[in-house]
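Visitor: Fold the stuff below for me.
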Amino acid sequence: KYGAWSAFVPSLGKLVIAGLGTLSQSDFNTAIQATGLSSSIVMAPDVGLPPSIVKNNYTDFAPRFGFAWRPFGNKTVIRGGYGVFYGSDSLYRYSQYGDTYPWVNTVKFTATATNPLALTVSNPFPASKLKNSGVTSPSGLPVDNPTQSLQSWNLTMERDLGGGAVIEVAYAGSKGTHLPIRYNQNQQYIFTGVGLGPRPYPAFSNINVITDSTNSIYNSGTLTIRRRLSQQFFVRATYVYSKSIDLTSNTAGVMAAQSAYDIGAERGRSDFDVGHSFMASFIWAPRISRNIVLRDWQISGAATAYTGLPFTPQVANYDITVGGAARPNRIGSGKLADPTPDQWFDRTAFPVVPVGAFQYGTSGRNIIDGPGTFVLNVGLSRRYRFTETKALQFRCESFNLTNRANFGLPNPQVDVLSGGTVTTAKDPRQIQL
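Guide: Predicted coordinates:
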């Protein structure tokens with residue numbers, strides 16, 4: 001509000017400030033001069049940028065198309081569709097742009113043992129002891145960010161098998177373009193085996209930039225068999241084989257990329273990628289008796305099974321200033337023939353990058369599968385009808401009836417004793433009335 005907004009613009013290599021905010025020109029100049037960043041700061045109007053700093057995009061075009069066709073009579077139908085959809089970031093992703101310099105500036109006044117009278121109770125804020133902090137780590141964004149978009153398409157063939165049974169074969173895919181990613185624009189370049197290079201913008205430290213510059217791809221095949229409620233029985237079963245690939249699945253936290261200079265190396269399975277999944281459900285309402293106690297009972301159930309989510313091997317204790325790396329090297333698959341919660345993957349396949357190597361770890365993103373999941377839910381219910389508009393229902397439901405232990409992801413850190421162990425699990429069996 002009032003132009004109190006700033007962002008580092010990579011194309012200019014400077015911190016762009018939209019306006020004075022609620023500061024006077026004098027206070028504004030004082031705040032800039034106190035940090036010594038005058039040569040690295042420009043005002044948005046002076047470089048032809050609007051008060052928002054970013055430019056609007058008026059060229060988005062989003063066509064949609066769909067069809068349905070019955071080529072072999074009324075028992076077979078083929079459906080398909082394609083569409084382009086545009087989106088925008090959630091506001092929480094931009095929380096890092098709040099409280100920006102120069103309107104929020106952390107200052108410190110620190111006493112020294114060699115001169116204890118420089119900072120006293122009677123003079124708690126001496127100008128000679130003033131230090132500014134938090135002003136050299138701005139957030140940034142491109143001024144001409146393209147609009148995020150998703151292309152989605154599908155093709156389905158459905159066939160009536162008779163007796164109320166239907167089989168459906170479907171393919172669905174999507175491609176995300178100009179998706180957001182967060183990384184350190186001012187990361188020091190690593191010279192392999194030599195050391196760290198200087199920062200591209202020496203006046204600043206870390207510069208976390210959110211830019212819409214990545215993509216994703218998703219493809220899936222689905223087989224569904226269903227039988228509508230007939231003769232007191234309904235059943236539906238679906239199997240899905242799919243794969244989702246992207247460069248990052250979440251920009252809320254710090255970007256996990258090792259190198260801001262090679263974002264493409266982060267291409268891998270999405271954090272939410274599930275290769276195989278099976279879902280089945282049924283409802284059975286038997287008419288076994290006219291007895292008031294035995295009639296109107298219903299049994300229902302649903303089973304879900306899917307393979308585990310992927311995860312990335314990591315290093316807990318490292319220091320890039322002495323040549324360490326956030327990810328280990330990879331000298332084997334890392335998979336075990338019989339993984340257990342005590343050791344889900346082979347840590348010896350991921351040695352830590354040696355100190356002084358000054359190189360990135362060769363282990364990729366999301367290369368190991370976590371534990372899968374199987375859940376069977378069953379319910380028994382009885383409806384007691386008193387009038388046309390009044391009824392009472394009794395229900396007994398069991399979630400995870402088999403009480404299977406569905407484990408969470410293991411600790412991905414390879415250099416600690418707890419690495420590779422699973423310490424979390426999903427809900428056990430629960431019964432409710």
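Visitor: hey, which strand is longest across this protein?
Guide: strand 208-230 (DSSP state E).
Visitor: Can you name the element that comes right after that strand?
Guide: Per DSSP states H and E, the first helix or strand lying C-terminal to strand 208-230 is strand 233-246.
Visitor: tell me the angle of that following strand relative to strand 208-230?
Guide: 160 degrees (axes from the mean of the first three to the mean of the last three C-alpha atoms, to 10 degrees).
Visitor: Check which helices and strands the following helix or strand past strand 233-246 is in contact with.
Guide: Using DSSP H and E, the helix or strand that follows strand 233-246 in sequence is strand 268-269. For strand 268-269, the packing partners by 3 or more C-beta pairs under 8 Å, 6 or more residues apart in numbering; DSSP states H and E come out as strand 233-246. The way it works is simple: take the backbone N, C-alpha and C, and place the C-beta from them, glycine included.
Visitor: residues making contact with the strand it packs on?
Guide: 176, 179, 214-228, 267-270, 272-285 (C-beta atoms under 8 Å, 6 or more residues apart in numbering).
Visitor: In this structure Asn208 contacts Leu141, no?
Guide: No - with contacts counted by C-beta atoms under 8 Å, Asn208 stays clear of Leu141, the gap being 9.8 Å.
Visitor: mind listing the helices in the stretch 301-433 of the chain by residue range?
Guide: Remark: no helices are assigned in the stretch 301-433 of the chain by DSSP state H, counting those that start in this stretch.
Visitor: Would you map the strands across it?
Guide: Counting by DSSP state E, counting those that start in this stretch, the stretch 301-433 of the chain has strands at residues 310-311, 368-369, 373-385, 391-399, 430-432.
Visitor: With respect to burial, which of those strands scores highest?
Guide: Stretch with highest mean neighbour count among the strands of the stretch 301-433 of the chain: strand 368-369 (a mean of 23; mean count of other C-beta atoms under 10 Å).
Visitor: pLDDT on that one, on average?
Guide: Across strand 368-369, the average pLDDT comes to 95.
Visitor: Export the strands of the stretch 301-433 of the chain to CSV and append columns for distance to Ala405.
Guide: Below are the strands of the stretch 301-433 of the chain laid out as CSV (distance: least, C-beta to C-beta, whole Å):
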stretch, distance to Ala405
strand 310-311, 18
strand 368-369, 17
strand 373-385, 10
strand 391-399, 14
strand 430-432, 14
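Visitor: Can you tell me which of those strands is nearest to Arg159?
Guide: strand 373-385 (28.9 Å; C-beta to C-beta).
Visitor: For the stretch 201-350 of the chain, which residues score under the pLDDT cut-off?
Guide: Scanning the stretch 201-350 of the chain for pLDDT under 70 picks out the ranges 229-231, 251-256, 289, 291-293.
Visitor: show me what contacts the closest residue to Arg365 other than its chain neighbours?
Guide: Spatial nearest neighbour of Arg365, chain neighbours left out: Gly268 (3.9 Å); criterion: C-beta to C-beta, 6 or more residues apart in numbering. With C-beta under 8 Å, 6+ apart as the criterion, the residues that contact Gly268 are 245-247, 310, 364-367.
Visitor: can you tell me how far Gly268 sits from Pro116?
Guide: According to C-beta to C-beta, to the nearest Å, Gly268 stands 56 Å off from Pro116.
Visitor: go on, Phe204?
Guide: 34 Å.
Visitor: the more surrounded of these two?
Guide: Phe204 (21 against 9; other C-beta atoms under 10 Å).
Visitor: Filter the contacts of strand 233-246 down to the buried ones and hand me the PyMOL line.
Guide: Those of these that count as buried under 16 or more other C-beta atoms under 10 Å are selected in PyMOL with:
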select buried, resi 176+179+214+216+217+218+220+222+224+226+227+267+268+269+270+273+274+275+277+280+281+282+283+285
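Visitor: now the contacts of Gly268: which count as buried?
Guide: 246-247, 310, 364-367.
Visitor: Now render the residues you listed as JSON lines, adding distance to Tyr82.
Guide: Formatted as JSON lines, these follow (distance: C-beta to C-beta, whole Å):
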{"residue": "Asp246", "distance to Tyr82": "21"}
{"residue": "Leu247", "distance to Tyr82": "24"}
{"residue": "Pro310", "distance to Tyr82": "29"}
{"residue": "Gly364", "distance to Tyr82": "32"}
{"residue": "Arg365", "distance to Tyr82": "30"}
{"residue": "Asn366", "distance to Tyr82": "28"}
{"residue": "Ile367", "distance to Tyr82": "32"}
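Visitor: My guess is Ile288 contacts Ile299. True?
Guide: No - the criterion here is C-beta under 8 Å, and Ile288 misses it with Ile299 at 11.4 Å.
Visitor: Okay, and Lys2 sits in which element?
Guide: In this structure residue 2 is Tyr, not Lys. Judged by DSSP H and E, Tyr2 forms part of no helix or strand.
Visitor: Ala280 too?
Guide: Using DSSP H and E, Ala280 falls in strand 276-284.
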